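Peer 1: no FASTA, just this:
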């Protein structure tokens, strides 16, 4: 539309300029024609006997130009409002080298005027219709000295041509605009927006941890370069994650073997108290190893994302959990989730709220194109300086080393990893009424976006 608008503005300016040029050209042609006739009549008057002068003038007169011989010039001044062009043409036709006096006067006639005064009534009406009622004119008067003492006075009046919209100019504009629209639409929609939309969708899926196929490199050079860079970035990220997963798998295998051997050796300790203490330490180490490996893998595994109804998903979670919590929401909508991973993230947050805050209240709603879930508890809250630190791995507000009271300090870290892998975010805030609020946002599924929700 911008291209077509620019073309329309250029077309209007062009028509206006050329219409003005047309008007100037017509006026110049009429002026030079009148000047030529005046020069010819002046030559005839000078060369013919005096008794033929009136006949010459009658023959030269027309509805457009009037001639008259007089002892005084009709143009009193000697300046040239036309820049001297008419005078120069007359002198050239008369072969005159400034030996005679030639005066030219041009002026606009303002206001509504009738056609030329010498036209018949029928021709006047036809002329008025032809000029579309726009009757503005330029009057030119000439005074040419002839025979030394007499003056040939010439008067003519020609109307300014009315502004017209040439049919073929409009037709060419319409054809040009149509062709530009077709070409631009094809280029923008197919060559530009198509690849960019694929790139946006692929980047969104990659940010959620989904598998993304290599994108075809199509479109303009800049878009192809961008697609090629994205493919390279995706390949590097995939290799990095795969290498890290293999490294962690090998590390887990290598750690399990010595821990198992230690457990066997511990069973051979005779002192019961020492044996129980060592067994508890080995089991804690094994649990920490498993938790660490699970966290480091991002908990995405090979689970495929699914489009689920948020209300039904949360209601099923409430029924399955041992920890009771209140659940309410205002409407049904869908989100694209990895159900098992998201269950674990929500379970960690809810269990954390129940452990430190007592009763738990959960609310979900749709806001600003995202699913917003809030989990409130009735506990003492968290110091403002620790609201972000609690998401760090192995960070525990509870300073004892007991797994019964504090766990490993990975619950919220795992929850944030899962939520961010879904393209969302999780944050903690202290409520004014007391207690802690966990806010989780998840993007809507494409089906909701298509509906305009």
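Peer 2: On my side now, so go ahead. Bear in mind that the values here come from a model prediction, so they are computed numbers and not experimental data.
Peer 1: so which strand or helix has residue 262?
Peer 2: According to DSSP states H and E, residue 262 maps onto helix 221-266.
Peer 1: could you point out which element follows that helix?
Peer 2: Using DSSP H and E, the helix or strand that follows helix 221-266 towards the C-terminus is helix 272-296.
Peer 1: elements contacting that next one?
Peer 2: Secondary-structure packing of helix 272-296 (3 or more Cβ pairs under 8 Å, 6 or more residues apart in numbering; DSSP states H and E): helix 221-266, helix 411-421. The C-beta positions use only the backbone N, C-alpha and C, and glycine is treated the same way.
Peer 1: residues in contact with it: which ones?
Peer 2: Here helix 272-296 makes contact (Cβ atoms under 8 Å, 6 or more residues apart in numbering) with 244, 248-249, 251-252, 255-256, 259, 262-263, 266-267, 269, 393, 403, 408, 410, 413-414, 417.
Peer 1: give me the buried entries from these.
Peer 2: 248, 252, 255, 262, 266, 408, 410, 413-414, 417 (16 or more other Cβ atoms under 10 Å).
Peer 1: now, the most widely separated pair of the residues you listed?
Peer 2: Taking Cβ to Cβ, the two most distant members of the buried ones among the contacts of helix 272-296 are 266 and 417; they sit 33.2 Å apart.
Peer 1: so what pLDDT did residue 441 get?
Peer 2: Listed pLDDT for residue 441 reads 92.
Peer 1: tell me what it is bridged to.
Peer 2: residue 372, residue 425 (DSSP bridges).
Peer 1: can you tell me the closest non-neighbouring residue to residue 237?
Peer 2: Leaving aside its sequence neighbours, residue 237 sits nearest to residue 206 (Cβ to Cβ, 6 or more residues apart in numbering; 7.4 Å).
Peer 1: what secondary structure does residue 144 sit in?
Peer 2: strand (DSSP: H, G, I helix; E, B strand; the rest coil).
Peer 1: and it, how many neighbours does it have?
Peer 2: Residues within reach of residue 144, counting by other Cβ atoms under 10 Å, total 28.
Peer 1: what's across from it in the sheet?
Peer 2: Residue 144 forms beta bridges with residue 102, residue 152, as assigned by DSSP bridges.
Peer 1: that one touches residue 100, doesn't it?
Peer 2: Yes - counting by Cβ atoms under 8 Å, residue 100 is a contact partner of residue 144 at 7.2 Å.
Peer 1: that older thread, pick the most buried one from the helices and strands packed on helix 272-296.
Peer 2: Mean neighbour count, computed with mean count of other Cβ atoms under 10 Å, is highest for helix 411-421 among the helices and strands packed on helix 272-296, reaching a mean of 22.
Peer 1: before I go, just wanted to say thanks for your time.
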